[in-house]
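**Q** Give me a model of this one.
(chains A and B)
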Amino acid sequence: MQLNLRLSHKGIILVAVPLIFEVVFLAALTFLLRQAEIEVQRQVRSKAIISQANTLSKLFYDAGVAMGGYSITKSPLFSDRYDKIVHQIPQDLEELKSLVGDNSRQQQILQNLQVITVTGLKILGEAKSAIDDNRVDVAQFRARHMYKEIRSLADRLQDELRGLTEDERKIESESPEVQNRNRMLVKSILVVGVLLNIAIAIALALYFSRGITRRLNVLTDNSIRLARAEPLNPPLDGQDEIAHLDGVFHSMADALNEATRKERAVIENSADVICSIDMDGKFVAVSPACKAIWGFRPDELMGRRFIELVIPEDHQETIRAVRAVRAEKGNTEFENRTRRKDGTIVTILWSTYWSETERSMFCVAHDITERKLAEEATKASEARIRKIIENMLVGLLICTKDGYIESVNPASEKMFGYRADNLVGRHLLCLFRDSTLFSDENQADLNSFMEDLFSKAFNRIGEFDALKRGGEDFPIQISLSEFENSEGTRYLANIMDVSERREVERLKKEFVSTVSHELRTPLTSIRGSLTLLSVGALGVLPEQAKKVVTIAERNTIRLITLINDILDIEKLESGKLDMVMENINMTSVLDRSSESVRAFAEQNGINLEIIPSAVNVYADGDRLVQVLVNLVSNAVKFSPKGATVTVAVQEVQNWVEVKVIDRGRGIPEKFKNSLFQRFQQVEASDAKKKGGTGLGLAICKGIIEAHGGNIGVDSEEGKGSIFWFRIPPASSRVQHPVPVPVR
Amino acid sequence: MKILIIDDEEDTRSIASMSLGLLGGADVVEAASGAEGLRKAAEELPDVIILDLMMPEMDGTQTLTNLRKNPLTQNIPVIFLTVKGMFSEFDNLRHLGALAVLTKPFDPTMLTTQITNILEANSQSLKKEGA
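**A** Residues are numbered from 1 along each chain as shown, chains lettered A, B, ... in the order given. Predicted structure coming up:
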């Protein structure tokens, strides 16, 4: 029978079963010994009772004899003897009573004995009293009478005592037999007990041998099998600890197998070569990746010295590295170049571990040829970038978030007259004219300077006055941008010396001024003269002469317009278009514009329709008139004779929108975007046919954007165009808009 | 209408004079410098003075200041006629008391009309102020 007991339960059984048996065995023995002891005690008591009964009988006789002797001799010797016996009898009777115990038959006998002895002692007492009183007759009578009575009492006493001792004698005679039987019983129980004990011990031993030892042997065998990578024994039955341990052992073996399988899969499929190399430098194990990396199969490498793969130039370094690996006795890495089977060279990173116990070097060989090439490419790229930075004409400077210079390029050195080592570690402030006003030792000054620098030059181009080493100041343009490096946030400053540009600007301004004055003054006279001639102010000219004068006047006006446009464009580009911004009413703008172009419209047979509007705008009136005249002139130029050009003003959301509507040829889609660029006209021949410089719309765009507005055109080819611009109304009066350079 | 033209450029002065005189029918007086202009203004008391800005010795600004100092000439309207294209300067000139600024080259046929319009606008605004 197979019990599904746990090992702990089995242990309890192993201890408890013999223990229970021992307890039962001991109880049985104790009981038997107790029985034997009781038997012995009963025997002793019987003997004592018999002895005591005999003593009592004898005393009774002795009392009679003493009284007889006293009656005859009156000797005190007998009297004393008698008194002593009389005194002794009750004591002996009590002793006998205590020996008898609670045996009811014997108690009855003892009561009878007591009555007899009391009666007898009373008779003897009376006899003694008669003797003492010298009443001889009485005494004799009494003696005679008494003798009979005593005799009778003595007989009865003898009978009772006999009755008493009879039982005891019977017990006494039976006792050896009982004792013998008890002894035999004890002996039998002892023998049976010992035999049973041995039998239980053997049974338990067998049971444990089968249930534990054999199962433990299976476990031991499994350990050996696991070590040898052999299949394990079937799992043990039962639910005890050994079965559980066996189950865990099987799970562990399964996990080990899985791990081994995975490890093998990793090794087999690894792109890196995993290998071990012995003390002599020979391959003792190589993973299949060696085929991909070196072109050799694993069996081609096994037993070969790995140094044979290494190119001769790297031999010394490799040997040194391997020695270091052995000395380190831990994980170490080194690189070398190896030759493939096809002769090409691959750079390998060896990650190695030296095992002192196995006297082998375990390696992972990783092909880093690509990485090396990439690193070299990166280095070359870095060198190239460094070269570019060093040869840049723009000054480059890297500083910390607080403005302390970390590095500068040669252009910066040249620009500021410092060597790089004089600048590194110093604050940016030292390169600015502000350093003559502020101290680079005062944190508040530095903060104030950095705030100013950032507000003007962070992610934009700011203009500052810089300071050369010798104290000479010069204008720079600087732009700061942020980047992160390993040490945190850094700023890159691009710095350009704009001294020359400023000079060019100054010359340009002078030139513009000169052109403005020196060209316009003579043109004023020419144009005036020609107009006076053409309108007949100086007399009527012959038809031919009038025609020539008109041509000269028209071309002079064209030249003046071109000069004005060029000057306006220049001002817009330099952001220096002067604007006088104020709240103005559109009525005056419309009237002035109408006045300027009405004659031109009439000349071209165009009907000019100006829809009145009293909307107020925040603008430069003269500039608005300039824009509107330009747009209406264009509309007139490109409209067919007899058509109407309409100017309308309306408020659209937060804008005042001015529209110039014509019914001309319209603008092809592809020109709509470029129309507002300089020198752009829909057809190249337009400039010749219609006049104009091609700058008008670019100027209009610049002026409208300088108002913070925008300009555009909606047009359908063949149906006409609507040129519109939007500017802020007077109610949204804002700061003077920043002039926007026209591109 | 009597108009005084103060301009150092004789050609310009002549064209302006002819434009205003021949085409506009005005009575034109010419002066070739600021000093001469001051003197003629006081003598002739024109209805309006057309003043050039850039002149040697006494430029247009100084001339205007001096005109304003003289009680005889201080109320004569002054209109600048200049080639200088700086609108901010125009603002300054208006502050000094110039009624308007006209630029050269000008349209001779329109010059008289422009001046008349400016004077009319001025007199209307004066009336409004007076009212």
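
**Q** tell me the mean pLDDT over whatever helix or strand residue A:161 lives in?
**A** Using DSSP states H and E, residue A:161 sits within helix A:136-208. Here helix A:136-208 scores 75 as its mean pLDDT.

**Q** Give me the contacts around the following helix or strand past it.
**A** Using DSSP H and E, the helix or strand that follows helix A:136-208 in sequence is helix A:214-227. With C-beta atoms under 8 Å, 6 or more residues apart in numbering or on different chains as the test, helix A:214-227 has contacts from A:231-233, A:236, A:238, A:242-243, A:245-246, A:249-250, A:253, A:256. From N, CA and C alone the C-beta is placed, and that goes for glycine too.

**Q** circling back to that earlier point, for the helix holding residue A:161, which helices and strands make contact with it?
**A** helix A:7-73, helix A:104-132 (3 or more C-beta pairs under 8 Å, 6 or more residues apart in numbering or on different chains; DSSP states H and E).

**Q** Out of those, which gets nearest to residue A:718?
**A** helix A:7-73 (106.6 Å; C-beta to C-beta).

**Q** for chain B, which spans come out with low pLDDT?
**A** B:84-89, B:130-131 (pLDDT under 70).

**Q** How about the residues of it by chain A?
**A** Along chain B, the residues adjacent to chain A under the rule C-beta under 8 Å from any C-beta of the partner chain are B:9, B:11-12, B:14-16, B:18-19, B:22-23, B:54, B:83-88, B:90-91, B:104-109.

**Q** So which of those residues sit within helices?
**A** B:11-12, B:14-16, B:18, B:87-88, B:90-91, B:108-109 (DSSP state H).

**Q** Where does chain B get nearest to chain A, which residue?
**A** Closest residue of chain B to chain A, C-beta to the nearest C-beta: residue B:15 (3.1 Å).

**Q** Beyond the helix or strand residue A:704 falls within, next helix or strand please.
**A** If you go by DSSP H and E, residue A:704 is part of helix A:696-706. Next along the chain after helix A:696-706, taking DSSP H and E as the criterion, comes strand A:710-716.

**Q** residue closest to the middle of chain B?
**A** residue B:50 (2.0 Å; C-alpha atoms, centre = their mean).

**Q** I'd assumed that residue was in a strand, is it?
**A** Yes: per DSSP: H, G, I helix; E, B strand; the rest coil, residue B:50 lies within a strand segment.

**Q** With adjacent residues omitted, what lies nearest to it?
**A** Once flanking residues are discounted, residue B:50 sits nearest to residue B:5: 4.7 Å by C-beta to C-beta, 6 or more residues apart in numbering or on different chains.

**Q** on that earlier part again, who's the residue nearest to the centre of chain B bridged to?
**A** residue B:5, residue B:79 (DSSP bridges).

**Q** is it true that it touches residue B:2?
**A** No: Residue B:50 is not in contact with residue B:2 according to C-beta atoms under 8 Å; the separation is 11.5 Å.

**Q** Correct me if wrong: the residue nearest to residue B:50 contacts residue B:29.
**A** Yes: Residue B:5 is in contact with residue B:29 according to C-beta under 8 Å; the separation is 7.2 Å.

**Q** Those two: which is more packed in?
**A** residue B:5 (28 against 18; other C-beta atoms under 10 Å in any protein chain shown).

**Q** which other helices and strands contact the helix holding residue A:704?
**A** helix A:543-573, helix A:621-637, strand A:710-716, strand A:720-727.

**Q** how about the ones you listed in TSV, adding mean pLDDT and distance to chain B?
**A** As requested, the helices and strands packed on helix A:696-706 are exported to TSV (pLDDT from 0 to 100; distance: least, C-beta to the nearest C-beta, whole Å):
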stretch	mean pLDDT	distance to chain B
helix A:543-573	85	5
helix A:621-637	90	7
strand A:710-716	89	20
strand A:720-727	92	17
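
**Q** what would the ones you listed look like in JSON lines with mean neighbour count?
**A** As requested, the helices and strands packed on helix A:696-706 are exported to JSON lines (neighbours: other C-beta atoms under 10 Å in any protein chain shown):
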{"stretch": "helix A:543-573", "mean neighbour count": "16"}
{"stretch": "helix A:621-637", "mean neighbour count": "23"}
{"stretch": "strand A:710-716", "mean neighbour count": "17"}
{"stretch": "strand A:720-727", "mean neighbour count": "22"}
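
**Q** Identify whichever of these lies nearest to residue A:426.
**A** When the helices and strands packed on helix A:696-706 are compared (using C-beta to C-beta), the closest one is helix A:543-573, at 37.9 Å.
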